[in-house]
Structure formats: C-alpha cells, structure tokens
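Visitor: Return a 3D structure for these sequence lines:
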Amino acid sequence: MRKKILYAAAIGAVFLLASVSGLFADDSGFTSFADETAASALAWSGYSLVDTRFMTDYDNLEKTPVLLYPEINIGISYAGESSDFFGSFTLSGNYDFTDSNVVSTYLSGMIDEAYYTTYLNGFSLQAGLMKIVWGKGDEIFTFDNINAVDYGDFLNGSYLDRKKAEIMLKINVPFGNQGLIEALYTPVFTPDSFPTTGYWVQSDYTALKDQLKLAGKTPEEALSPENTNTLMHGQTGLRITNSLAGIDFGAAYEYTYLRDPIISFSDIQSYLLTLIPEINVSYDRLHLFGVEAAAAPLGFNIRAEAAYYLTGDTRGTDPKVHNNKIQYLIGFDKDLPVHNFSVNIQERGEVILLSDKIDSNGQPDTDFDSDSKYTSNFIAGDIRDTFLNGSLTIKLSGAYSAEDSGFMVKPGIDYTLADDAVVKAAYTIYRGEADSLFGQFKNNDMLEVIFKYSF
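Guide: Numbers count the residues shown, from 1 in each chain. Below you'll find the model as predicted:
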C-alpha cells in the first residue's frame, strides 16, 4: 500500500509542479504548444485515441472477438533560462483490473518519460526516466540495446512505444558544426517483458514456461527485474555522431547485457534427501560496438548499420554463454516519379559466429538450434501513395523472415478528417511455420481501426 501511495504522490507532484510553474512564470519569454501567440513557460500537448481490433474468426465471423484499447496521452514541458523539463504521461484502459497489483502497475506504466535537462558551459546534462534511440534505422536497429522492450504487443504500434524508459544520467557534448558526443549511465539493467496471457504470447515463452515447471517457478518469477537491480548490473554507453560531405555517420559502444536470458538448472538435495531442480537465470555481459551511416545520393535516402556483439565466449565453446555475433542493417526510402508514390525497404541480418563449435552433446549449448540455423534475415518495407492534398494515405506494409519463410502483410489507409483528427484502418495477416516469428500468430489476423485526435 505504501508503494502505491508513493506512486500516486509522485505523479501528483509532477502535475502540481507543472501547473504552479505555469501560473507564476514570466509570460513574456515562452511559447505554448497549444497557442504560439500565448506566452507561458509551460507547454503542453497530447492526444486521445481508441484502438478497436476485430480478431477475425474465419469459421464464424459473428463470433469475432472485438478488443478495445482507449488511451489518453499528455505531454508537458517547462523551459527555464538554462534548464528544461519534459514529461509524457499515458492513461490506458488496457489493464486487468482483477489483478491485485493493478494499481502499482497502472501508475508506474503512466509515466512514459520524465527527465530534466540543464545547459552548462559547452555541454548539457540530462537526468530522469528516459528513452533513447541510437542508430540510423527506421523502426529497426542493430545496436540500440539500453532500454528494455515491452513485447506485450510487439508486432503492432511504433518502436518507441514498445520501449520502456530507464532511469538514466546522460551528457551531451556538441562539437564542430554538427558533431555530438553522448555518454550515459543507467544504474540497473531491466530485462525485456513478455505477455503471459492474451493473443501475443510467444512460442518461446510457452516453451520456457513448460521448462520452468520442473523448478516450480513461473517465467515472471525467474525473469523478475529484481534479479538485475544491483550495482553490478549498471550499463554505460558512448556515441559519437557527425556529418561530412553529405554523409551522416557515427560510432557507439555500450557496456550492457545481452537480452536473451540463459536458463540453467542444478539439482539440490532437500531435507528428505530428494533432488529438487534449482533454476538459475543469468544474462551475458556484453561489449556492443556499432557503426552507422546515412546519405541521400540521387534521391535515395540510404541508411546502414553494423554491430558486433562481444560476449565472454570468444571461442564459441562455452555452452552456458552465448557466442559472439554480428548484426547488420541496410535500407533506403525514395519518392517514386509516379503520382505521390514512395517506397521504404530495410533488411536486417544476423550471423552467430563459430557456429561449428555449437552442439547438443553433453550439456546443452544455449545457442543450439535443432535446424542448424545460425543466421537470420528479416526484411520489412512499405509502399504508399497520398491523395486529396495529403489528407488520404493508402499503403501496403509487410515483413518477411527468410529462414522460416514467415511473413506479415498489412494493407491500410490513414485519413485526416479535420484539423488533427485522424482515422486509420488496416488489415493484418500472419503466416509461417508454427514456431516462427509470424507463423505463431497465424490465428491473429485482424482488422484494426484507430480514431486519434491530437491537441
């Protein structure tokens, strides 16, 4: 109960501080998001939406489940003479109110971001609950590993929405005309979160759940963030970006953890002299090196990334540690010389190194794949056209996982009704092998309709 009260008090204090700051601010030097002619230190914006999903029952359309996800977002910022504050808060109806922990879950989930920036001599300092995106990809990246990801609805929505904000200290140092050095520290490592019920439970999670039954634990208990909330689990990162001769480029280093957990068991004796399996969950320490580049030759907006994942198993022979691996990304978007057509395509690949050292003899190797597939290639893209002076967009999106031949196809439209009111409609189809990325959701074909009003 005390924790719930503290959550409520903290959120109330943020809104109270923002309101009081706006009341007593000097009206002569600042501009509100809502009215650029109004002078105020406090700026705010937001949106309201209702997401309706019709989960298609092909055998009996009348029994098609209808899911409703209402949501309200408020973003506030305060600009001082040499410091800023930004906060984003979301109220969502997508919670199980029969859950005994729903209050603390709901209140903690309200805060998307809340951080403070102060501008000092030659650099700026940021601190608070933050999301960062490192790399040049478009919704797909190779070395953006600091923030945890919520896989509760990971095939829908935006990349940034799936990210979970982290408590972070970040320093930004500009140099030259367009150069920037970013350095950050997070005191803990937060594991990714996965749905336990509903339409988007992954097959890997189901297999893990069955495996953990031997030890009498649930995945929620085994993968709890409390297991990584120690000083030794802190993360650091450094990124340098610049532009030269029309090319944006950068390099990054992250001292973090690989997000794939390692599940192992060991037998312990109980007082009845029986063997009980004890579960051990760990994450590999990771040195992550990344490079990025983007350019726009001949009207093509080209972007590329490459990353090297360096774990402790540099020889590939330790079955309890993931092998080193390489990820790469190449993509482009271009406006076509036909009406208002544009196309966007990206491909991300991964290669697990020293895969010839991986086998299932003796102690199972954490990298072992029964199909001997130690590479992956994922292609995503869309093509779209606009009409009615840009108020109507018709698009076809899709993604393909080469190794398991799974795919997703999503035709849709976006239409601006008036001002900032938009309606979006799309139909999504998933196909592939039963345990593949997309094939596991082959029963989740759906029509999605979103009404959104921004203010």
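Visitor: What pLDDT does the model give the nearest residue to residue 70 once chain neighbours are set aside?
Guide: Spatial nearest neighbour of residue 70, excluding adjacent residues (Cβ to Cβ, 6 or more residues apart in numbering): residue 93 at 4.2 Å. Using the backbone N, CA and C atoms, a C-beta is placed for each residue, glycine as well. Looking at residue 93, its pLDDT stands at 76.
Visitor: For residue 115, give me phi and psi.
Guide: phi -150, psi 160 (degrees, to the nearest 10).
Visitor: I'd like to know how far the closest residue to it other than its chain neighbours sits from residue 111.
Guide: Residue nearest to residue 115 in three dimensions, not counting chain neighbours: residue 128, with 2.9 Å by Cβ to Cβ, 6+ apart. As judged by Cβ to Cβ, to the nearest Å, residue 128 and residue 111 stand 10 Å apart.
Visitor: do the same with residue 243
Guide: Per Cβ to Cβ, residue 243 is found 34 Å from residue 111.
Visitor: Residue 59 now?
Guide: 42 Å.
Visitor: picking that back up, counting neighbours, what do you get for the residue nearest to residue 70?
Guide: Residue 93 has 12 neighbours, counted by other Cβ atoms under 10 Å.
Visitor: For it, give me its contacts.
Guide: 68-71 (Cβ atoms under 8 Å, 6 or more residues apart in numbering).
Visitor: And those residues, which is closest to residue 402?
Guide: residue 69 (31.9 Å; Cβ to Cβ).
Visitor: follow-up on the earlier one: of residue 59 and residue 111, who's got more company?
Guide: residue 111 (18 against 6).
Visitor: can I assume the more buried one is in contact with residue 91?
Guide: No. Using Cβ atoms under 8 Å, residue 111 is not in contact with residue 91, being 11.1 Å away.
Visitor: how deep is residue 282 tucked in, by neighbour count?
Guide: 15.
Visitor: quick one: it and residue 208, what's the gap?
Guide: Applying Cβ to Cβ, the value for residue 282 to residue 208 is 14 Å.
Visitor: what's the answer for residue 283, then?
Guide: Residue 283 is 14 Å from residue 208, by Cβ to Cβ.
Visitor: Same question for residue 49.
Guide: 33 Å.
Visitor: Could you check how many residues crowd around residue 352?
Guide: Neighbour tally, residue 352, other Cβ under 10 Å: 19.
Visitor: Now it: closest residue in space, sequence neighbours ignored.
Guide: For residue 352, the spatially nearest residue (Cβ to Cβ, 6+ apart) is residue 374, at 4.2 Å.
Visitor: do the same with residue 120
Guide: Per Cβ to Cβ, 6+ apart, closest to residue 120 is residue 82, 7.8 Å.
Visitor: List the residues that contact that neighbour.
Guide: 118-120.
Visitor: and which of these is nearest residue 200?
Guide: Of all the contacts of residue 82, residue 200 sits closest to residue 118, with 39.8 Å by Cβ to Cβ.
Visitor: List the contacts of the nearest residue to that closest one once chain neighbours are set aside.
Guide: Among residues not flanking residue 118 along the chain, residue 83 sits closest, at 4.3 Å (Cβ to Cβ, 6+ apart). Going by Cβ under 8 Å, 6+ apart, residue 83 touches 116-119.
Visitor: Of these, which count as buried by neighbour count?
Guide: residue 117 (16 or more other Cβ atoms under 10 Å).
Visitor: What is the nearest of the contacts of residue 83 to residue 340?
Guide: In terms of Cβ to Cβ, no member of the contacts of residue 83 lies closer to residue 340 than residue 117, at 37.7 Å.
Visitor: surely residue 227 meets residue 281?
Guide: Yes. With contact defined as Cβ under 8 Å, residue 227 counts as touching residue 281 (6.5 Å).
Visitor: quick one, what contacts residue 437?
Guide: Residue 437 neighbours (Cβ under 8 Å, 6+ apart): 378, 401, 404, 406.
Visitor: Please export the C-alpha coordinates of the helix or strand harbouring the first one as PDB.
Guide: By that I understand residue 378. Take DSSP states H and E as the rule and residue 378 turns out to sit in strand 375-387. The C-alpha coordinates for strand 375-387 follow below in PDB (Å, rounded to 0.1, in the frame of the first residue of the first chain):
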ATOM      1  CA  THR A 375      21.800 -16.900 -39.400                       C
ATOM      2  CA  SER A 376      18.700 -14.800 -39.700                       C
ATOM      3  CA  ASN A 377      17.500 -12.300 -42.300                       C
ATOM      4  CA  PHE A 378      14.500 -10.100 -41.700                       C
ATOM      5  CA  ILE A 379      13.100  -7.800 -44.500                       C
ATOM      6  CA  ALA A 380      10.400  -5.100 -43.900                       C
ATOM      7  CA  GLY A 381       9.000  -2.400 -46.000                       C
ATOM      8  CA  ASP A 382       6.100  -0.400 -47.300                       C
ATOM      9  CA  ILE A 383       4.800   1.400 -50.400                       C
ATOM     10  CA  ARG A 384       2.400   4.200 -50.100                       C
ATOM     11  CA  ASP A 385       0.600   6.900 -52.100                       C
ATOM     12  CA  THR A 386      -1.200  10.100 -51.000                       C
ATOM     13  CA  PHE A 387      -4.300  11.700 -52.300                       C
END
